[in-house]
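[1] predicted model and sequence follow; I will ask about them next.
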Amino acid sequence: MRIVLVGPPGAGKGTQAQRLKDYLGVAHLSTGEMLREAHQAGTALGRQAAEYFEAGRLVPDDVVVGIVADRLNEADCADGCVFDGFPRTVAQAETLDAMLAERDMPVDLAIAVEVPESEVFQRLAARGRADDHVETVRERMGHYRRLTQPILEYYHDQGVLRSIDGTGTPDEVFARIRRTVDTARQTAS
Ligand code: AP5
Ligand code: MG
């Protein structure tokens, strides 16, 4: 299965992707993690990306699409993948569809993880990642609303969008995601 997790910063995409990956035995693809790793490794791509993510802005589509294309060629993606933080623009969603079509592997499910903005700010203030300063979170939220939320309509039009309540404990949220995924699997089989 290929599942896209969509949600604002701090929605719990990473937390839930980890659980879903273990539950389904598929790969976990987080563009945010990959960009931070590239920056820590000191690569040219990482340095270029950091100028954007440290300011809370989206890294350009061509940079992100390049790293995803490489990652999709790795063996663990063959059986399925949980996409966390990608796609983040309609252009990225279209490119992902094109890349997956070449492999005859569509996106099966896009799960919107819904968390109120006030809770996002609370969660990220408590975490304190380099891009979790309140001003940067505001910037990230703005980009989410303008550039990422339109992909919800994109997946809705494809008939693969499901929304879940992202509040409560991580276990409670995962139970909702698991039900959604199990239902989709039963319908497909
Ligand atoms: P990315 O790393 O994807 O960050 P994000 O989307 O802003 O989201 P976070 O990782 O902060 O939150 P999350 O939803 O994963 O939640 P988490 O589980 O961590 O991207 C970072 C940057 O990279 C972007 O701003 C951009 O610059 C760039 N980038 C990445 N992908 C890109 C792309 N495709 N295109 C262009 N640019 C891209 O949880 C958050 C916190 O809440 C944690 O402390 C967690 O412990 C806690 N928490 C989780 N669940 C719960 C719960 N149920 N209750 C209470 N606390 C919880
Ligand atoms: Mg994350």
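    Nice, I can see it. Numbering: from 1, shown residues only. Ligands and ions are numbered 1, 2, ... in the order given.

[2] please enumerate the helices of this structure.
    13-24, 31-40, 44-53, 61-72, 90-102, 117-127, 134-143, 150-158, 170-188 (DSSP state H).

[3] nearest to G80, of those helices?
    Nearest to G80 among the helices of the chain is helix 13-24 (6.1 Å), distances taken as Cβ to Cβ. In short, each C-beta sits where N, CA and C put it, glycine included.

[4] quick one on the thing from earlier: mind putting the helices of the chain into JSON lines with mean pLDDT, mean neighbour count and distance to M1?
    Converted to JSON lines, those look like this (pLDDT from 0 to 100; neighbours: other Cβ atoms under 10 Å; distance: least, Cβ to Cβ, whole Å):
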{"stretch": "helix 13-24", "mean pLDDT": "98", "mean neighbour count": "19", "distance to M1": "6"}
{"stretch": "helix 31-40", "mean pLDDT": "98", "mean neighbour count": "18", "distance to M1": "19"}
{"stretch": "helix 44-53", "mean pLDDT": "96", "mean neighbour count": "16", "distance to M1": "28"}
{"stretch": "helix 61-72", "mean pLDDT": "95", "mean neighbour count": "16", "distance to M1": "15"}
{"stretch": "helix 90-102", "mean pLDDT": "97", "mean neighbour count": "16", "distance to M1": "12"}
{"stretch": "helix 117-127", "mean pLDDT": "97", "mean neighbour count": "14", "distance to M1": "27"}
{"stretch": "helix 134-143", "mean pLDDT": "98", "mean neighbour count": "16", "distance to M1": "28"}
{"stretch": "helix 150-158", "mean pLDDT": "98", "mean neighbour count": "15", "distance to M1": "15"}
{"stretch": "helix 170-188", "mean pLDDT": "95", "mean neighbour count": "14", "distance to M1": "7"}
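
[5] ligand 2: which of those is closest?
    The closest of the helices of the chain to ligand 2 is helix 13-24. By Cβ to the ion, the value is 3.3 Å.

[6] so what does the closest one touch, helix or strand wise?
    strand 2-6, strand 27-30, strand 81-84, helix 170-188 (3 or more Cβ pairs under 8 Å, 6 or more residues apart in numbering; DSSP states H and E).

[7] got a list of what the residue of the chain found nearest ligand 1 touches?
    Residue nearest to ligand 1 within the chain (Cβ to the nearest ligand atom): G32, separated by 1.9 Å. Shown in contact with G32 (Cβ atoms under 8 Å, 6 or more residues apart in numbering): 14, 53, 84-85.
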